[in-house]
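1. turn this into a model:
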Amino acid sequence: MAAIAVAGVGLLCCVSSSVAAAVYNKGDEEDPVVPKTGAGPSAGPSAGPIAGPSAGPIAGPSADYTFTNAEIVGQFGPTLPELTKVYTSKMKEVTSMSKQGFQVWTVPQDGTYHIHAYGAKGGANSYNNNPPGKGAQVSGDFTLKKGTKLIIIVGQQANSFSGSSHSHGTGGGGATWVLKDNFTTSTNDIYMVAGGGAGAPVFNHPSSGDANGSTQANVNDTSGGAASIDTQRNAGGGAGWGGNGLGTRATVPSHKDKTTEGPTGGKSPINGATGGNWTYYWSSELSGGFGGGGGASIQIPGGGGGFSGGDAGGNTSNSPPAQGGTSWIMTSAKNRQFLGNHDDNNGKVEITIKSST
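-> The predicted model follows:
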């Protein structure tokens, strides 16, 4: 890695649709509260307290450290210079970057830390004002040693659509991930993940799969979400921990020259956590949000990123809606809480020192 000094502080940088995010907790296998379709994800029953629906962040003491997206939205995470423009001197002292969007926090002292993670919304859509899915929020307490490094990937809202001439879905929101340094694909390397919301639909779907509570299913399902059932337009599923979301470029015969190369599925953290590509020419720039959100296509929203990724939606009122990603917290954490949804567009991570040793 190349060392970069910013503001006198040594930092490392290596270049390198309609429903809210589902909330997931590890435990015994049960049938999902909200069924998934296709190759989509599922989640597990709670081994910790479950909070009721939330209209916003849970009130509490001010965080000692707050990690944000630096007001960046869309497919790619912030660069180190973008972060240093908005971070305080205190944040700069403990934050570096291993690759674009992968913030590295160095634990400043031995102690117990409360970590609260928020996923991102899917992209907004002014064509018909259907709302995107909201991000989930989760929290827990962890005993950490001085010098331990945590990788923090802050989920970003997908790009929004503000036109009125064509009907669009929008991309899924990115999940927010708090991971061990040098993580692999083992679930033991996840401190927590807060799922991202699905993209906004064009058609009015019935409410399904919201995250105001817990969604229970199989802990072994860490897959990426399924692509849209309309394979010609091919909106992308959200990334899961164990794999990218599904989805390739659009193949509409009359418009092959006006589509991206794909893939439209969001990428898992091990593959960079970028949002899925937009596809089909009217959907320009409607990629998924950083953190693994699925990319959109004309009329079809992408799925949200998460422990298991959300499926992309359909292009008719009878099609399944797009789905949010699921959430998870390390089972050894204390005071594990799955806190429903929040109203902010982008994700963040708040860390508070509860006690030091």
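2. use CA for all of it now, contacts and neighbours both
-> OK.
3. am I right that Thr248 is in contact with Asn234?
-> Yes - at 6.1 Å, Thr248 counts as touching Asn234 under the criterion of Cα atoms under 8 Å.
4. what's the overlap in contacts for the two?
-> Residues within reach of Thr248 and of Asn234 at once, by Cα atoms under 8 Å, 6 or more residues apart in numbering, are Thr264.
5. the two - which one has more neighbours?
-> Neighbours of Thr248 and Asn234, each counted by other Cα atoms under 10 Å, are more numerous for Asn234; the result is 35 against 24.
6. can you check my assumption that Ile353 lies in a strand?
-> Yes - under DSSP: H, G, I helix; E, B strand; the rest coil, Ile353 falls within a strand.
7. would you confirm that it contacts His114?
-> Yes - using Cα under 8 Å, Ile353 is in contact with His114, at 6.4 Å.
8. so between those two, which is more surrounded?
-> Using other Cα under 10 Å as the criterion, Ile353 and His114 rank with His114 on top: 21 against 18.
9. now do the contacts for the nearest residue to the more buried one once chain neighbours are set aside.
-> Distances taken as Cα to Cα, 6 or more residues apart in numbering put Asp141 closest to His114, at 4.4 Å, once the chain neighbours are dropped. Neighbouring residues of Asp141 by Cα under 8 Å, 6+ apart: Thr112, Tyr113, His114, Ile115, Ala333, Lys334, Asn335, Arg336.
10. what element comes up after the helix or strand in which Asp141 is found heading to the C-terminus?
-> Using DSSP states H and E, Asp141 falls within strand 136-144. Going down the chain from strand 136-144, the next helix or strand is strand 149-153, by DSSP H and E.
11. any idea of the mean pLDDT in that following strand?
-> Across strand 149-153, pLDDT averages out at 97.
12. tilt between that strand and strand 136-144?
-> 170 degrees (axes from the mean of the first three to the mean of the last three Cα atoms, to 10 degrees).
13. packing partners for strand 149-153?
-> strand 102-106, strand 176-180 (3 or more Cα pairs under 8 Å, 6 or more residues apart in numbering; DSSP states H and E).
14. out of those, nearest to Gly265?
-> strand 176-180 (16.8 Å; Cα to Cα).
15. bridging residues for Phe67?
-> Val349 (DSSP bridges).
16. report how many residues lie close to it.
-> By other Cα under 10 Å, the residues close to Phe67 number 20.
17. same question, the one 10 residues further on
-> As a burial measure, Gly77 scores 28 neighbours (other Cα under 10 Å).
18. state the pLDDT value of it.
-> At Gly77, the model reports a pLDDT of 96.
19. what sits against the nearest residue to it once chain neighbours are set aside?
-> Excluding its sequence neighbours, the residue lying closest to Gly77 (Cα to Cα, 6+ apart) is Gly101, at 4.1 Å. Shown in contact with Gly101 (Cα under 8 Å, 6+ apart): Phe76, Gly77, Pro78, Thr79, Leu80, Ile153, Val154.
20. distance to Gly306 and secondary structure for those residues - can I get that in a markdown table?
-> Output for those, formatted as a markdown table (distance: Cα to Cα, whole Å; DSSP: H, G, I helix; E, B strand; the rest coil):
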| residue | distance to Gly306 | secondary structure |
| --- | --- | --- |
| Phe76 | 16 | coil |
| Gly77 | 16 | coil |
| Pro78 | 19 | coil |
| Thr79 | 22 | coil |
| Leu80 | 24 | helix |
| Ile153 | 12 | strand |
| Val154 | 12 | coil |
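21. between the residues you listed, which is closest to Ala296?
-> Using Cα to Cα, these come closest to Ala296 at Phe76, 15.3 Å.
22. would you confirm that the closest one contacts Gly276?
-> No - between Phe76 and Gly276 there is no contact under Cα under 8 Å: 9.8 Å.
23. what is in contact with those two at once?
-> Common neighbours of Phe76 and Gly276 (Cα under 8 Å, 6+ apart) are Gly289.
24. of the two, who's got more company?
-> Remark: of Phe76 and Gly276, Gly276 carries more neighbours, 42 against 23, as counted by other Cα under 10 Å.
25. which SS state does the more buried one fall under?
-> Applying three-state DSSP: Gly276 is coil.
26. quick check: phi and psi on it?
-> phi -70, psi 150 (degrees, to the nearest 10).
27. buried stuff in the helix or strand harbouring Lys92?
-> Using DSSP H and E, the element containing Lys92 is helix 89-94. Across helix 89-94, burial judged by 16 or more other Cα atoms under 10 Å covers Met91, Lys92, Glu93, Val94.
28. ok, those residues vs Ile329, which is closest?
-> The closest of the buried residues of helix 89-94, once distances to Ile329 are taken by Cα to Cα, is Val94, at 23.2 Å.
29. now do the contacts for that closest one.
-> Val104, Trp105, Thr106, Val107, Pro108.
30. so who does the nearest residue to Asp64 once chain neighbours are set aside touch?
-> In space, and not counting its chain neighbours, Asp64 is closest to Thr352: 4.9 Å by Cα to Cα, 6+ apart. Listed by Cα under 8 Å, 6+ apart, the contact set of Thr352 reads Ser62, Ala63, Asp64, Tyr65, Tyr113, His114, Ile115.
31. circling back to that earlier point, right, and the helices and strands packed on strand 149-153 - which one's nearest Gly266?
-> Here strand 176-180 is closest among the helices and strands packed on strand 149-153 (Cα to Cα), at 13.3 Å.
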